[in-house]
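> Show me how the following folds:
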Amino acid sequence: MLSDDQLRKLLRNGEADHVERTRQLADKAKIGEAICALANDLSDRREMGVIFIGVNDDGSCANQDISENMLQTLMGFRTDGNILPPPVIAVRRHILDGCTMAIVEVTPSDNPPLKYNGRVCVRIGPRRGYATAEEERRLTEKRRWGNLPFDQQPVPGATMADLDTLRFREEYLPSAVAPDVLAENQRPLAQQLRAAGFIGPNDVPTAVGLLVCGKDPRDFFPGAYVQFVRYPGTEIGDLVRDQKEISGPLSDVLRRLDEIIDLNISEPADLRGVLQETRPSYPALALRELIRNAVIHRNYENSGAPVTITWYNDRIEILSPGGPCGEVTRENFAQRGLTSARNPALASAAKEMGFVQRFGSGIPRAQKALADNGNRPLEFLIEPNFVHVTVRARP
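Here you go, the predicted model:
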């Protein structure tokens with residue numbers, strides 16, 4: 001957190017490549033682009049970027065109301081998925097020399113380029129705009145590979161031949177890059193893959209590249225599959241109604257799981273009222289959120305175990321290898337808005353492809369859908385090396 005003396009100096013010196021001033025939060029897109037540009041840190045200052053809200057262009061006080069709603073809106077840029085990968089920001093209301101303002105402090109990213117709504121935003125001096133091909137290349141080269149999470153690290157032994165480049169071009173790019181940018185995109189394939197974080201130094205595929213666009217992710221991550229078993233009763237037995245192993249690139253896995261959910265949900269008739277009603281045993285939305293969470297946030301690094309879905313007559317049990325990580329603990333697990341992804345690049349790719357609505361909202365959305373449908377609350381077993389969720393069928 002910057003001191004008052006540091007803030008005064010930044011206000012006095014005017015806008016630069018790491019400082020922006022604005023009177024009010026009138027244009028959310030403008031603030032989003034500014035956060036994205038400061039996180040990209042094209043000039044490589046490696047200093048905190050700052051946005052002052054509630055001051056005039058000359059740094060004088062604009063006497064604006066800095067409401068809680070404004071602060072919540074600003075904090076939302078961390079989790080709403082419009083900036084990918086998610087930025088590291090701190091937001092606070094602050095009084096400096098009698099002027100109340102909102103301050104957004106933006107940490108330069110270790111994993112540029114970041115995109116706001118599919119566009120790479122940069123700042124050179126007071127100018128903010130979209131990155132050229134050359135600027136995007138420079139941002140990619142700024143990555144600090146040793147500091148990145150496992151899913152963003154190159155995978156030893158993998159080569160470009162292990163990636164399905166047609167899938168990358170036809171499925172991933174159109175979802176991750178704004179249409180107008182994609183239409184004029186003349187970048188070579190390797191540069192596109194590098195900018196997406198799918199290949200690293202020496203064009204070695206990264207873990208996220210193999211999980212999203214790999215020809216066979218299990219060649220490198222033996223546990224990268226989902227084991228689905230449906231039993232006809234309420235306990236594990238010799239008789240199995242259905243059994244499947246679901247593997248492949250992330251989008252294929254999630255779509256096949258959606259199909260399995262739809263095929264296995266029953267909708268018994270309720271004949272107690274005047275009109276016959278049908279209600280599902282489980283809301284599909286809740287199961288999708290929980291299963292997608294299990295696949296995206298599992299431990300791929302040092303676990304060969306699959307995600308398992310065990311479906312009984314009265315309940316579903318979902319087990320995901322890997323316990324809580326980062327800010328998420330056993331005590332605050334499932335708290336709305338709290339997110340600390342084990343695989344941030346994989347989560348970002350899932351968001352870009354439309355499988356994630358908002359970071360940190362999956363379990364709360366599932367809980368609400370279950371309550372609305374008449375199901376009991378979720379039951380969690382949180383351990384250091386796995387997360388186990390039990391979903392009870394609607395009575």
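> Going by C-alpha atoms from here, please, whenever you check contacts or count neighbours.
OK.
> For the spatially closest residue to Asp58 that is not a sequence neighbour, list the residues it contacts.
Spatial nearest neighbour of Asp58, excluding adjacent residues (CA to CA, 6 or more residues apart in numbering): Gly14 at 7.0 Å. The contact partners of Gly14, by CA atoms under 8 Å, 6 or more residues apart in numbering, come to Asp57, Asp58, Gly59.
> for Pro205, same thing?
Pro205 sits next to Pro154, Val155, Ala158, Thr159, Met160, Asp162, Leu163, Phe198, Ile199 when contact means CA under 8 Å, 6+ apart.
> And for Glu317?
Contacts of Glu317 (CA under 8 Å, 6+ apart): Thr308, Ile309, Thr310, Trp311, His388, Val389, Thr390, Val391.
> Verify the stated contact: the fourth one with Arg230.
Yes - if you go by CA atoms under 8 Å, Trp311 and Arg230 touch, sitting 4.6 Å apart.
> now the helices for this protein?
For the chain, the helices defined by DSSP state H cover 4-13, 28-40, 68-75, 133-141, 165-167, 173-176, 179-183, 189-196, 207-213, 250-264, 284-296, 344-352, 362-373.
> quick one: Val50 and Glu235, what's the gap?
57 Å (CA to CA, to the nearest Å).
> The two: which has the busier surroundings?
More crowded of Val50 and Glu235, by other CA atoms under 10 Å: Val50, with 27 against 13.
> ok so, going back, just say which of the helices of the chain is most tucked in.
helix 207-213 (a mean of 28; mean count of other CA atoms under 10 Å).
> ok, and what's touching it?
150-155, 162-165, 167-168, 197-199, 216-217, 248-251, 345-346, 349.
> Show me just the buried residues among the residues you listed.
Buried members of those, counted by 16 or more other CA atoms under 10 Å: 150-155, 162-165, 168, 197-199, 216-217, 248-251, 345-346, 349.
> and the gap between the residue nearest to Asp58 and His94?
Applying CA to CA to Gly14 and His94 gives a distance of 19 Å.
> thought Val155 was touching Val204?
Yes - with contact defined as CA under 8 Å, Val155 reaches Val204; the gap is 6.8 Å.
> list the contacts for the residue nearest to Gly233 when sequence neighbours are not counted?
Spatial nearest neighbour of Gly233, excluding adjacent residues (CA to CA, 6+ apart): Asn313 at 5.3 Å. By CA under 8 Å, 6+ apart, the residues touching Asn313 are Tyr231, Pro232, Gly233, Thr234, Ala393.
> so Gln357 sits right up against Lys351, yeah?
Yes - judged on CA under 8 Å, Gln357 makes contact with Lys351 at a distance of 6.6 Å.
> what is in contact with the two at once?
Gly81.
> State the pLDDT value of Gly59.
Gly59 carries a pLDDT score of 88 in this model.
> What residues of stretch 220-236 count as buried?
Phe220, Phe221, Gly223, Ala224, Tyr225, Val226, Gln227, Phe228, Val229, Arg230, Tyr231.
> In the stretch 51-200 of the chain, mark out all the strands, start to finish.
83-84, 88-96, 99-107, 115-116, 119-124, 127-130 (DSSP state E, counting those that start in this stretch).
> Check the stretch 201-350 of the chain too.
Using DSSP E, counting those that start in this stretch, strands in the stretch 201-350 of the chain cover 225-230, 242-247, 269-270, 277-278, 307-311, 315-321.
> Is it possible to get TSV of those that adds mean pLDDT and distance to Ala294?
What follows is the strands of the stretch 201-350 of the chain, written out as TSV (pLDDT from 0 to 100; distance: least, CA to CA, whole Å):
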stretch	mean pLDDT	distance to Ala294
strand 225-230	98	10
strand 242-247	97	14
strand 269-270	56	31
strand 277-278	67	29
strand 307-311	98	7
strand 315-321	97	5
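> of all those strands, which lies closest to Met75?
Among the strands of the stretch 201-350 of the chain, strand 315-321 comes nearest to Met75, with 28.8 Å by CA to CA.
> from the chain's centre, how far out does the closest one sit?
Remark: strand 315-321 is offset 21 Å from the chain centroid, using CA atoms, centre = their mean, to the nearest Å.
> Can you pull out the low-pLDDT segments for the stretch 251-395 of the chain?
Filtered on pLDDT under 70, the stretch 251-395 of the chain yields the residue ranges 268-277, 334, 336-339.
> mind redoing it with 50?
Residue ranges of the stretch 251-395 of the chain with pLDDT under 50: none are present.
> Check the stretch 1-150 of the chain too.
If you take pLDDT under 50 as the line, the stretch 1-150 of the chain has no such spans.
> make it 80
By pLDDT under 80, the weakly predicted segments of the stretch 1-150 of the chain are 14-16, 125-127, 146.
> For Met101, give the beta-bridge partners.
Assessed by DSSP bridges, Met101 has beta-bridge partners His94.
> gap between stretch 108-121 and the chain center?
So, by CA atoms, centre = their mean, the centroid of stretch 108-121 is 13 Å from its chain's centroid.
> What distance separates the opening and closing residues of it?
13 Å.
> just stretch 57-69 next, same as before
Stretch 57-69 end-to-end distance (CA to CA) = 23 Å.
> List of residues touching it?
Residues contacting stretch 57-69 (CA under 8 Å, 6+ apart): 11-12, 14, 21-24, 54-56, 93, 99-102.
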